[in-house]
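K.L.:
Here is the input, now give the coordinates:
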Amino acid sequence: MEAALTENNIRMMVKEMSSIVPTISEVLLPKSSSVPLNEARHRAFLSLTEKGVEAAAASSLSFSRSFSSFSAMRPFILILWNEEISIPLFIGKVLYPEK
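P.N.:
Numbers count the residues shown, from 1 in each chain. Below you'll find the predicted structure:
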């Protein structure tokens, strides 16, 4: 059995995931807008035989986010900044962006 998931089901699953793994930072759900989700699947298996019962279930969520595009025609410096602790994570320079 495989079922499509509604947005409410997805929100409940993500909430449950973050209670299991409290350090999950990749999944952020906006409160008022749609969930940035490509695909959600839930598959369940149940087998009842004379030998006994076998059951399994699995869920998967595929998120996507669109990122802004940036193009430069001259050299530039880039900084990847961590807002939480106010430090740079990466600093780099691009001398020849056309290559």
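
K.L.:
and residue 16, that's in a strand?
P.N.:
No: assigned with DSSP: H, G, I helix; E, B strand; the rest coil, residue 16 falls outside any strand and is helix.

K.L.:
Distance check, it against residue 59.
P.N.:
As for residue 16, its distance to residue 59 is 10 Å (criterion: CB to CB, to the nearest Å). (C-beta placed from N, C-alpha, C; glycine too.)

K.L.:
Please name the residues that touch residue 89.
P.N.:
For residue 89, the contact set (CB atoms under 8 Å, 6 or more residues apart in numbering) comprises 80, 81, 82.

K.L.:
Go again with 10 Å.
P.N.:
Applying CB atoms under 10 Å, 6 or more residues apart in numbering to residue 89 gives the contacts 79, 80, 81, 82.

K.L.:
The nearest residue to residue 91 once chain neighbours are set aside is in what secondary structure piece?
P.N.:
Nearest-residue entry for residue 91: residue 79, 5.3 Å, with adjacent residues in sequence omitted and distances by CB to CB, 6 or more residues apart in numbering. Using DSSP states H and E, residue 79 sits in strand 76-82.
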